[in-house]
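>>> Structure of the sequence below:
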Amino acid sequence: MKLSWLKPLLGRTGPFTTVYLDATRADSAGENEAAERWKGLRRDLEHAGAPGPVLDEIGERVAHPTRVPGPHGRVLIADTSGVRVDRVLAEPPARSVARHGDVPDLLPAVRAADQSVDYLLVEVDRLGADVYACDLTGRLAGGAHDVIEGGHDVVHKVREGGMSDRRMQTRAEDSWERNAAVVATELDRRVMVHEPELILVTGDVRAVALVRDALGQRARELVAEVPGGSRSTGVNAGAFALRVQASLEQFRVRRREQVLDVFRQEQGRDEAAVTELGDVLEVLRRGQVRDLVLAEAPAGQDSELSQRTVWVGPDPLQIGLDRDDLTAIGVLDGARELPAEIGLVRAALGQDAGVTFAIDGSVELIGGVGAVLRWSDPGTPSESLVSQSADQSRLRTAL
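Residues are numbered from 1 along each chain as shown. Purely as a prediction, here's the structure:
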């Protein structure tokens, strides 16, 4: 998932205010439901010392409808200058929470990224294409779109026969290819500049194939075809929307499984994967982590890490189980204790690592946390002895 939009938070000065709430509105008469939920959270934040102007801005944003139908959540993160992150989540939290402290609570924002896909929807025909970009919710931004016109308008073949007709057929096919090349060039540019995760292409079957063939390798690898869409009217919008959502969900599953497959393979080889909180903290300190893996708690339940804490320093990679771990790496000032999930995600972002949530039982995690590594060396924690013990926690203590 793309987390680069969270990175600037690490360079800002706290304290931070994080709000994670159910933004669902039951009907048009319930426009103030989210605002009502916000009132209780605001009281908690006032008691925690959050500044009034920041709370006022959050309240104004919460009161403004998201225009997203059905159940959904929202996460807002603010520093002393105002709101820096405001994202809609595909699913509402089990309970609304708010925190005020020296570092932002990044986990809800990471969950928002996990539930969304940064994608383009491209409707093509033999003249060009309409391109729709998703917004920060991972949904299409209303009906707004860009139009790409190829400019070559000899697009219909004739079937009467004869030399002239064959020339027209050749010209038509040439026009299709030229128009497809124009569309492909623009999509290549967007991939280079905006780096979407996925490109959904629909429309005229022949035009779809021509555009796909004309794309550069980088963009072509992002393409998934979705039948049923068109630039023209008469499309079954409801059926097509369901196909789009199915494609996005397939991509989310594939994105997660690609990371978890690597974790399983490296764990089996006892190479570039570790688990257990202490070992994960060690590789985070060393900047080795490519992807942090967190166990996804069942709905309504707390995660295994929810009662654990870590100690952190001013730098995200200054992290340990206790204050002595920080002292050992030279952190003498600015050490503080944080909930483990906050400290882990902060350290992962600090080294441009990804974060992946593992459904219960999908991978073997000790204490609900693991990591896929960029590299390993003789100093990397070893999991081989742990995997051979029936009493893993006791053996790890002994190690």
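>>> what's around residue 70, how many residues?
Neighbours of residue 70 under the rule other CB atoms under 10 Å: 9. Every residue, glycine included, has its C-beta placed from N, CA and C.
>>> What's the per-residue pLDDT of the residue nearest the centre of the chain here?
Taking CA atoms, centre = their mean, the centroid of the chain lies closest to residue 113, which sits 2.6 Å from it. The confidence metric pLDDT takes the value 84 at residue 113.
>>> Packing partners of whichever helix or strand residue 245 is part of?
Secondary structure here is read from DSSP states H and E; on that basis residue 245 sits in helix 237-269. Here helix 237-269 is seen to pack against strand 119-124, strand 198-203, strand 223-225, strand 273-275, strand 289-296, strand 354-359, strand 369-373 when contacts are counted using 3 or more CB pairs under 8 Å, 6 or more residues apart in numbering; DSSP states H and E.
>>> Can you check which of the ones you listed gets nearest to residue 333?
Of all the helices and strands packed on helix 237-269, strand 289-296 sits nearest to residue 333, with 25.4 Å by CB to CB.
>>> And the contacts of that closest one?
Where contact means CB atoms under 8 Å, 6 or more residues apart in numbering, the residues beyond strand 289-296 that reach it are 259-260, 262-263, 272, 280, 283-284, 303-305, 341, 344-345, 347-348, 351, 353-360, 363, 365, 368-374.
>>> could you redo the last one with a cut-off of 6 Å?
Contacts with strand 289-296, where a contact means CB atoms under 6 Å, 6 or more residues apart in numbering, come from 259, 263, 283, 304, 348, 353-359, 365, 368-372, 374.
>>> which stretches of this structure have low pLDDT?
Applying pLDDT under 70 to the chain flags the ranges 26-32, 135-143, 151-173, 299-300, 383-399.
>>> how's it carved up into domains?
Structurally, the chain divides into domains by automatic domain parsing as follows: 4-114, 119-235, 258-398.
>>> For residue 230, which non-adjacent residue is spatially closest?
residue 203 (5.5 Å; CB to CB, 6 or more residues apart in numbering).
>>> Residue 101 is in contact with residue 45, correct?
No. Taking CB atoms under 6 Å as the contact criterion, residue 45 and residue 101 are not neighbours in contact, 10.7 Å apart.
>>> Which residue of those two possesses the greater neighbour count?
Counting neighbours by other CB under 10 Å for residue 45 and for residue 101 shows that residue 45 has the greater number, 22 against 18.
>>> That one falls within a strand, correct?
No. With DSSP: H, G, I helix; E, B strand; the rest coil as the criterion, residue 45 is assigned helix and is not in a strand.
>>> residues touching it, list them.
In this structure, residue 45 makes contact with 98, 100, judged by CB under 6 Å, 6+ apart.
>>> what's the spacing between it and residue 91?
Look at residue 45 and residue 91: by CB to CB, to the nearest Å, they are 23 Å apart.
>>> likewise residue 350?
Note on residue 350: its distance to residue 91, by CB to CB, is 27 Å.
>>> more neighbours, those two?
Between residue 350 and residue 91, counting by other CB under 10 Å, residue 350 is the more crowded of the two (18 against 15).
>>> Not counting its neighbours along the chain, what's nearest that one?
Once flanking residues are discounted, residue 350 sits nearest to residue 316: 2.8 Å by CB to CB, 6+ apart.
>>> Pretty sure that neighbour sits against residue 344.
No. Using CB under 6 Å as the test, residue 316 is too far from residue 344 to be in contact (10.1 Å).
>>> and the residue nearest to residue 214 when sequence neighbours are not counted, what is it in contact with?
The shortest distance from residue 214 to any non-neighbouring residue, by CB to CB, 6+ apart, is to residue 184 (3.6 Å). For residue 184, the residues meeting the contact criterion (CB under 6 Å, 6+ apart) are 211, 214, 215.
>>> Which residue is the nearest non-sequential neighbour of the last one?
So that's residue 215. Here the residue nearest residue 215, using CB to CB, 6+ apart, is residue 184, at 4.7 Å.
>>> Got phi/psi on that neighbour?
The phi/psi pair for residue 184 (degrees, to the nearest 10) reads phi -60, psi -40.
>>> Quick check: the gap between it and residue 336.
For residue 184, the distance to residue 336 (CB to CB) stands at 51 Å.
>>> Now stretch 308-318 - C-alpha only, CSV.
Once side chains and other backbone atoms are set aside, the C-alpha atoms of stretch 308-318 remain, and they are given as CSV (Å, rounded to 0.1, in the frame of the first residue of the first chain):
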residue,chain,number,x,y,z
ARG,A,308,2.2,-3.9,25.0
THR,A,309,4.3,-0.7,25.1
VAL,A,310,7.7,0.3,23.7
TRP,A,311,10.2,3.0,24.4
VAL,A,312,11.1,5.5,21.7
GLY,A,313,13.5,8.4,21.2
PRO,A,314,13.2,11.5,19.0
ASP,A,315,14.1,9.6,15.9
PRO,A,316,11.6,7.0,14.6
LEU,A,317,14.3,4.3,14.5
GLN,A,318,15.2,4.8,18.2
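>>> Touching that stretch from outside, list them.
10, 285, 319-320, 322-323, 326, 331, 334-335, 337-338, 340, 343, 346-347, 350.
>>> So which residues of the chain form helices?
Taking DSSP state H, the helices of the chain run over residues 33-47, 52-63, 107-114, 163-194, 205-214, 217-220, 237-269, 277-285, 323-328, 340-350, 384-387, 392-398.
>>> Next, format those helices as JSON lines and append distance to residue 127.
What follows is these, written out as JSON lines (distance: least, CB to CB, whole Å):
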{"stretch": "helix 33-47", "distance to residue 127": "43"}
{"stretch": "helix 52-63", "distance to residue 127": "41"}
{"stretch": "helix 107-114", "distance to residue 127": "36"}
{"stretch": "helix 163-194", "distance to residue 127": "6"}
{"stretch": "helix 205-214", "distance to residue 127": "8"}
{"stretch": "helix 217-220", "distance to residue 127": "20"}
{"stretch": "helix 237-269", "distance to residue 127": "20"}
{"stretch": "helix 277-285", "distance to residue 127": "52"}
{"stretch": "helix 323-328", "distance to residue 127": "62"}
{"stretch": "helix 340-350", "distance to residue 127": "44"}
{"stretch": "helix 384-387", "distance to residue 127": "59"}
{"stretch": "helix 392-398", "distance to residue 127": "62"}
